[in-house]
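Novice: What shape does this take:
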Amino acid sequence: MPKIPLVYRAILAAALCLGGAVTAVNFFSGGSFTGGGLSFATGVKLLVPGELRLALPPLGTASAHTHGAPVRLELELRGLNVSILRDLGSDPGVKDRVLADSIVYAKRAMTQTALFAVLLAGLGGFSVMLLLRGRRWIHYGAAFFLPSLFCAGLLVWTLASFNQNALKQPKYEGMLESAPWVMSVLSGSLEGLNELGEGFATMAKNLPRLSLSGQIGSPMSDIDEDLLVMHVSDIHNNSAAFALMHSLVQSFPIDFIIDTGDLTDYGSSLEGDLARRVKELGIPYVFVPGNHDSPAVAAQLRACRNVQIADGRIITINGLRLLGVADPAASDGYTAVADAGELRAAGEQLLRVWRSAKAKPDLVAAHNPVILRPLYGLAPVVLSGHDHRASLQWRQGTFIEDVGTSGAAGLRGLASDKSPPYTVDLQYWRRDADKHLRLIAVDTITIDGLSGSLHISRTAINGPKPLIDAKAISPINGAKPHTR
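Specialist: Residues are numbered from 1 along each chain as shown. I've put the predicted structure just below:
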């Protein structure tokens, strides 16, 4: 049997030692700290996507891609001093002390955890060399120091590439009711930490009810928006979508809802009960009919006092100017997609209204994204649905938001083992110095109907440039475009 060259054996031994180092760090690194009534555990994971993760069991987990190194920094709430937390909401001095202590102890604990991870990496490599039965002491020295150096290098890279602004674009997994303030803790830097006291005080007060009902107290958010808009589309007669929307209305201070069409599957009067569900939401609802809707559906919705139907004119709600047009196919009782000429004519209609308007709309909405193409480069924000694939992107200086399907494609989705998820977007608008509303962030809420998992990804809107969180908003579950 031919003997393996020395260089290959050295490479194999080095790879095994590094593997042992990563395993040791990922399984055994950790620390803890207590400051001002809060007890946290810390951890480091190597060779995973670079992010900072904050876990608040049983409420959920917020995370943000804060650095380029393949290292995950972990913080997990382990304990609450309820006697101190009860005073946080009423005594600013207590709150300031809690926050200051928590920051100091967190930095100290993460430093200790990082140093311990470097030691563990060396011990992991050394243990592998013991198993390989190295023949010389230099082998054991290299097996200890090289993995330690590798781990230290990753941690230095983490520190050097850490981006504080990335905390403004967190992702969330957990209970829907807790999403607003759990995300605010991570996304708001020190301003968000100022609300941490009230959040824990509420949680301490509601701990008995939390364990019974799985809910938290009043929702919180610190993004400082002037207007919060929910964007839904393609509900396709799925009543579960209204349960989701109702929960969001209860959990977030939503001002109104924009629905970009296909509320029904066949546009029939038998689906008219959906109008009652829209009315029960209790907040303004703007409906942009899609190709699966019909004049009968629009008439039933028009009878609801909280509903306005997009008809090619500019609608103003809470100071937001919205221009929308019904899909050409919504003018009859059929569900086929309008032909290219009809879609082009609808887009030209929107363009004419845009050009003639003295006060330009803040956003333009249509069911089919093809209709919106003439507005690229003119409208600051355009909204659509139809293709059942959630996406956010910039084109020619226009922010394009496709919410996907808020009803998981309706009955067609239920019939498939790869159904698209339920998706809803929350838009955060803020008034500038001239009192004009500007979109500053979008929360993309995704619920996988098959696994029941919930994810929230926040995207900050800073201008026409590639989006940071592109992976989280790309087509999900391999869903194919909707073409019917």
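Novice: What's the first helix or strand after the worst-scoring helix or strand of the chain on mean pLDDT?
Specialist: Every helix and strand of the chain was ranked by mean pLDDT, DSSP states H and E. The lowest is helix 207-213, at a mean of 35. Next helix or strand after helix 207-213 toward the C-terminus (DSSP states H and E): strand 227-232.
Novice: Partner strands of that following strand, with direction?
Specialist: strand 256-259 (parallel), strand 422-431 (antiparallel) (DSSP bridges).
Novice: CA atoms only: put whichever helix or strand comes after the first one into CSV for me.
Specialist: Right, strand 256-259. Later in the chain than strand 256-259, the nearest helix or strand by DSSP H and E is helix 273-280. Extracted C-alpha coordinates of helix 273-280, given in CSV (Å, rounded to 0.1, in the frame of the first residue of the first chain):
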residue,chain,number,x,y,z
ASP,A,273,-68.5,36.9,3.4
LEU,A,274,-64.9,38.2,3.0
ALA,A,275,-66.4,41.7,3.0
ARG,A,276,-67.6,41.1,6.5
ARG,A,277,-64.1,40.0,7.6
VAL,A,278,-62.7,43.2,6.0
LYS,A,279,-65.2,45.3,7.9
GLU,A,280,-64.4,43.5,11.2
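Novice: and helix 273-280, which residues are buried?
Specialist: Across helix 273-280, burial judged by 16 or more other C-beta atoms under 10 Å covers Leu274, Ala275, Arg277, Val278. For glycine as for every other residue, the C-beta is placed from the backbone atoms N, C-alpha and C.
Novice: what sits against the residue nearest to Ala109 when sequence neighbours are not counted?
Specialist: Leaving aside its sequence neighbours, Ala109 sits nearest to Phe33 (C-beta to C-beta, 6 or more residues apart in numbering; 3.6 Å). Phe33 sits next to Ser39, Phe40, Thr42, Tyr105, Ala106, Arg108, Ala109 when contact means C-beta atoms under 8 Å, 6 or more residues apart in numbering.
Novice: Is Phe33 within a helix or a strand, and which one?
Specialist: strand 31-35.
Novice: In a strand, Asp234, correct?
Specialist: No - if the criterion is DSSP: H, G, I helix; E, B strand; the rest coil, then Asp234 is coil and not within a strand.
Novice: my guess is it meets Ser384, correct?
Specialist: No - counting by C-beta atoms under 8 Å, Asp234 does not reach Ser384; the two are 10.0 Å apart.
Novice: quick one: common contacting residues for these two?
Specialist: By C-beta under 8 Å, 6+ apart, the residues touching both Asp234 and Ser384 are Thr260, Val403.
Novice: between those two, which one's more packed in?
Specialist: The neighbour count for Asp234 versus Ser384, taken as other C-beta atoms under 10 Å, is higher for Asp234 (30 against 25).
Novice: State the pLDDT value of that one.
Specialist: Listed pLDDT for Asp234 reads 93.
Novice: And for His236, the neighbour number?
Specialist: There are 25 residues near His236, going by other C-beta under 10 Å.
Novice: Need the pLDDT of the residue most central in space within the chain.
Specialist: Nearest to the mean C-alpha position of the chain, by C-alpha atoms, centre = their mean, lies Ser457 at 1.2 Å. Note for Ser457: predicted pLDDT of 86.
Novice: Could you say which helix or strand holds it?
Specialist: Short version, using DSSP H and E: Ser457 is in strand 454-460.
Novice: Can I get that strand in CSV? Just the C-alpha atoms.
Specialist: Only the C-alpha atoms of strand 454-460 are listed here, as CSV (Å, rounded to 0.1, in the frame of the first residue of the first chain):
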residue,chain,number,x,y,z
LEU,A,454,-42.8,32.7,11.8
HIS,A,455,-40.1,35.0,10.6
ILE,A,456,-39.9,38.8,10.5
SER,A,457,-37.2,40.6,8.5
ARG,A,458,-36.8,44.4,8.7
THR,A,459,-35.3,46.3,5.7
ALA,A,460,-34.3,49.9,6.2
